[in-house]
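In: Here's a sequence, model it:
(one chain, ligands or ions: 1)
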Amino acid sequence: MPELPEVESLAAFLRENAIGRAIARVDVVAISCLKTYDPPITALSGLSITDVTRYGKFLDLDVDGLHLIVHLSRAGWLRWKDKLPAAPPRPGKGPLAMRVHLDDESGFDLTEAGTQKRLAVYVVRDPQEVPGIRTLGPDPLREEFDAGTLAKILDGRRTQIKGVLRDQSVIAGIGNAYSDEVLHAAKMSPYKLAATVTGEEVATLYEAIITTLGDAVERSKGLAAKDLKGEKKSGLRVHGRAGEKCPVCGDTIREVSFADRALQYCPTCQTGGKPLADRRMSRLLK
Ligand SMILES: [Zn+2]
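Out: Okay, here's the model as predicted:
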């Protein structure tokens, strides 16, 4: 699932390759991915892409004052093509959700794997019209996000730090993978209550957020859209690596369920050597 670093890199890739080009045509293959109707998506045809930015995990193409906004969700992706087929794609059960043709025959496909279709596309006059953007918390890669911002966010919050980090309305852009990475880098238990993070720990956690995301963005720089996924996977130290050795201490990385997902962590680095109780398992056993 693309998170802040991947979306940032996709934005950078599109800035390089799509700015200045006009949108020739948009083929909507999976109609359910289009969440807005006014202005219609056909309004983009003939207009030029003037900028590409990111809001949290949302990608924003500024098309001459209109905004084509994409949220890739869990299984969505953007595939750039130097030469797109001219014939309209047939709607079907494949992963193709939308195809954006530019005026030089290049363009990109928005695809979504799996049966759960959650990829979302919006055409709006102002990005703030998108509910998920309007409610975003501060972006950790913006200059104004400092240790003080983080301290204020955590203060008095009686929820587990893992949940706080991936709540988009609290901090924008961090999802399941990078929250595991950040907590491992900060040597902090994912179950720790946000309100109990002390001043010194806030500084450590802040550093871990900035370094983890910054490094991931740096590693992805200059990579083509198609290479970003592999880069994300190879750069992760604990996420998705249950059963492997922690690169810091050599302990075995473990996994527990968290909300509707699984999280991975290193007991030696993060929880004083004690494995976390899997709440879902204990509920099932009752
Ligand atoms: Zn470790």
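
In: What's the local residue count around the nearest residue to residue 30 once chain neighbours are set aside?
Out: In space, residue 30 comes closest to residue 97 once its chain neighbours are excluded; the distance is 4.1 Å by Cβ to Cβ, 6 or more residues apart in numbering. In this view, the C-beta of every residue, glycine as well, is placed from N, C-alpha and C. Under the neighbour criterion other Cβ atoms under 10 Å, residue 97 is assigned a count of 25.

In: What pLDDT is listed against residue 97?
Out: You'll see residue 97 listed with a pLDDT of 96.

In: Residue 228 now?
Out: pLDDT, read off for residue 228, is 79.

In: re earlier: relative to residue 224, how far out is the residue nearest to residue 30?
Out: 20 Å (Cβ to Cβ, to the nearest Å).

In: And residue 70, by the same measure?
Out: Counting by Cβ to Cβ, the gap from residue 70 to residue 224 is 18 Å.

In: Which one of the two is surrounded by more residues?
Out: A direct count of neighbours by other Cβ under 10 Å for residue 70 and residue 224 places residue 70 higher, at 24 against 12.

In: which stretch of helix or strand covers the more buried one?
Out: strand 66-71 (DSSP states H and E).

In: Centre of the chain to that strand, how far?
Out: Strand 66-71 sits 15 Å away from the centroid of its parent chain (Cα atoms, centre = their mean, to the nearest Å).

In: which is the next helix or strand following that strand?
Out: Moving toward the C-terminus from strand 66-71, the next helix or strand (DSSP H and E) is strand 76-81.

In: Direction included, what does the following helix or strand past that next one pair up with?
Out: Downstream of strand 76-81, the next assigned helix or strand under DSSP H and E is strand 96-102. Paired neighbours of strand 96-102 in the sheet (DSSP bridges): strand 23-28 (antiparallel), strand 107-112 (antiparallel).

In: Quick one: those as JSON lines, columns for distance to residue 194 and mean neighbour count too.
Out: Shown next, in JSON lines, are these (distance: least, Cβ to Cβ, whole Å; neighbours: other Cβ atoms under 10 Å):
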{"stretch": "strand 23-28", "distance to residue 194": "41", "mean neighbour count": "20"}
{"stretch": "strand 107-112", "distance to residue 194": "33", "mean neighbour count": "22"}
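
In: ok, residues contacting the strand holding residue 70?
Out: The contact list for strand 66-71 (Cβ atoms under 8 Å, 6 or more residues apart in numbering) reads 23, 39, 43-44, 47, 57-61, 76, 78, 100, 110, 119-127, 130, 132-133.

In: Just the buried ones from these?
Out: For the contacts of strand 66-71, a neighbour count by 16 or more other Cβ atoms under 10 Å gives the buried set as 23, 44, 57-61, 76, 78, 100, 110, 119-124, 127, 130, 132-133.

In: Give me the subset of those that lies in strands.
Out: 23, 58-61, 76, 78, 100, 110, 120-124 (DSSP state E).

In: With distance to the ion added, can I get these in CSV?
Out: CSV is the format used below for these (distance: Cβ to the ion, whole Å):
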residue, distance to the ion
23, 48
58, 33
59, 34
60, 38
61, 41
76, 32
78, 34
100, 43
110, 38
120, 37
121, 40
122, 41
123, 46
124, 44
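
In: now, which of the residues you listed sits nearest residue 241?
Out: Closest approach between those and residue 241, by Cβ to Cβ: residue 76, at 23.2 Å.

In: Could you find the closest non-adjacent residue to that closest one?
Out: residue 119 is the one closest to residue 76 (Cβ to Cβ, 6+ apart), at 3.8 Å.

In: Likewise for residue 130?
Out: Looking at residue 130 with Cβ to Cβ, 6+ apart, the closest residue is residue 122, at 5.0 Å.

In: if I look at the closest residue to residue 251 other than its chain neighbours, how far off is the ion?
Out: Spatial nearest neighbour of residue 251, chain neighbours left out: residue 268 (3.9 Å); criterion: Cβ to Cβ, 6+ apart. According to Cβ to the ion, to the nearest Å, residue 268 stands 5 Å off from the ion.
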